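Chemist: Quick one: sequence plus predicted model below, questions after.
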Amino acid sequence: MNLTDRIAAGFKVTMAARVIHAATNGLLLLVLTRYLLEPDQYGLLYFAISVVGIAELFGTLGVPNATARYVNEYAERDETQVRYIIRWSLAIILTVAVTVSVVVSLAGAELARLLGRPAVAPVLTVGGLYIGGRSLFGYLKSVFQAFNRVDYSAAVTVINSTTRLIITTGLVVAGYGVTGAMGGYVVGFLASVAFGLVALYTQFYRSLPPTDQPESDLRGRIARYSVPTAATRASVVVDSKLDTVLVGVLATPVAVGFYTLARQIADLCIAPASSLGFTITPTLGEQSAAENPGVAGRIYLESLRNVLLLYVPAAAGLVIVAEPAVTYVVGEEYLGAVVLIQLYAFFVIVRAIHKITGSALDYLGLARVRAIARATSAAGNVLLNLLLIPPLGALGAGIATVITYSAYTGVNVYYIHRELEFDLGELASDLARVAVVALVMAGVVLSVLPYVTGPFSLAAVVATGGAVWATLSVASGLVEPSTVISFIT
């Protein structure tokens, strides 16, 4: 299988998993917000998830990404070391994750009191198990990615998402409320981990040659490399979790509900970029290691162009349809989230760019650079949150995130451009054409928006915008239909 076919195959299977993940998460969001939980309950659930998400940092210590880097390297260079890498790293993850899970579960009531939200105590007690499940889930996805078998990463994602939807809905309907919803998340992770561990052993570990003599200081190198990846992960968590906790502490659970809804909609939009980034990242590392920076640069440039073509018009559309979408899909009680959704439309573009850029730096040996940039961004985000949340509430947290994440992504792109060979002039030309497509599409959507009277007419307006986007993308030469058909079939 040549390089293009391998990327296409990986993208298709990852994209299918992301679509299922997005669909199940979207359905769960709809069920919880529209039918089962009030805004304050919804906010309380994600306040608790954010708290245990921060604690999860101590359940991984940067080991998954460091393991992935060395599995990817030694699978090509010396397969006899891979068993040792997996065995040692998995032992570390199991030990640390279980310890942190137990500590958080036992300290749930005291932690809730310290945060000023005693009602969240039982949710945090169950949420301790979330840490162990989420830590092992992330580890398995990273290892499968390192083997360039993203089909297995996709499988654990699908199992997690579908199990979460079924169990969470069932437990909330059964009367277990917010605590039951957290239990559904835990069961989803544990089900996917059970499958992933069996697959790792039977499909990978068992077929690898035994490690007769571990390479000198290999364990030390993995441990040292885990430090910058842990710092990067910590910064990610600060950006994605700590702001939610601060909104819950400095504002109200209802504000958390609005803020979470906006972020979840942004997450649902990001599936294609996540799939592409997850697929091309190991390939960029391989091509760079093989001293083919030109090939790696071409892959990155084409990926970036496609991401911009999809997300710039999509963001424009999201700004326009945010209010009717919330009104007719989620419910009028969540209209307070509209301005946040519109703000996060820009965040979606920036995050999509980062999805195909950030992890590639780890594979290119620039984890330390990425960690420094991420830590600086996270520190700035915390400072801006503390300044902006008291006067602006959840909107202040959104503004802080957009500003700091944009700066961080810019640094990532700068270093990718330094490492790989691609033409910025060509990128600027493509971006100009994408902007024209977005403006025309936005004009058409605005002209038909007054006809929206319910969810079906809203869907028709969105479909109209999609048709205009597709037509203009082909007419401008940004998309070759034959290439798209060949790629996806």
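Modeler: Cool, got the structure. Fair warning: this is a prediction, and the values are worked out from it, not measured in the lab.

Chemist: how much space between residue 54 and residue 240?
Modeler: As judged by CB to CB, to the nearest Å, residue 54 and residue 240 stand 10 Å apart. (Glycine included, C-beta is placed from N, CA and C.)

Chemist: Repeat that for residue 152.
Modeler: Applying CB to CB to residue 152 and residue 240 gives a distance of 25 Å.

Chemist: Looking at these two, which has the bigger crowd around it?
Modeler: residue 152 (21 against 18; other CB atoms under 10 Å).

Chemist: Send over stretch 231-246 as CSV, restricted to the C-alpha atoms.
Modeler: Taking Å, rounded to 0.1, in the frame of the first residue of the first chain, the C-alpha atoms of stretch 231-246 are listed here in CSV:
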residue,chain,number,x,y,z
ALA,A,231,3.5,19.3,30.5
THR,A,232,1.7,19.6,27.1
ARG,A,233,-1.1,17.4,28.4
ALA,A,234,-1.4,19.5,31.6
SER,A,235,-1.7,22.6,29.5
VAL,A,236,-4.4,21.0,27.4
VAL,A,237,-6.4,20.1,30.5
VAL,A,238,-6.0,23.6,31.9
ASP,A,239,-7.4,25.0,28.7
SER,A,240,-10.3,22.5,28.4
LYS,A,241,-11.2,21.7,32.0
LEU,A,242,-9.9,24.3,34.4
ASP,A,243,-11.9,27.0,32.7
THR,A,244,-15.1,25.0,33.3
VAL,A,245,-14.2,24.5,36.9
LEU,A,246,-13.5,28.3,37.3
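
Chemist: Quick one: distance of it to the chain centre.
Modeler: Computed by CA atoms, centre = their mean, to the nearest Å, the chain-centroid distance of stretch 231-246 equals 13 Å.

Chemist: Kindly report the same for stretch 63-77.
Modeler: How far stretch 63-77 lies from its chain's middle: 21 Å, per CA atoms, centre = their mean.

Chemist: which residues are contacting it?
Modeler: Taking contacts as CB atoms under 8 Å, 6 or more residues apart in numbering, the residues outside stretch 63-77 that touch it are 81-82, 85-86, 89, 92-93, 138-139, 141-143, 145-148, 218, 221-223, 225-226, 229-230, 232-233, 282, 285-286, 289, 359, 362-363, 367.

Chemist: Return the subset of these lying in helices.
Modeler: Using DSSP state H, the members of the contacts of stretch 63-77 that fall within helices are 82, 85-86, 89, 92-93, 138-139, 141-143, 145-146, 218, 221-223, 225-226, 229-230, 232-233, 282, 285-286, 289, 359, 362-363, 367.

Chemist: Now which of those would you call buried?
Modeler: Applying 16 or more other CB atoms under 10 Å to the ones in helices among the contacts of stretch 63-77, the neighbour count classes 82, 85-86, 89, 92-93, 138-139, 141-143, 145-146, 218, 222-223, 225-226, 229-230, 232-233, 282, 285-286, 289, 359, 362-363, 367 as buried.
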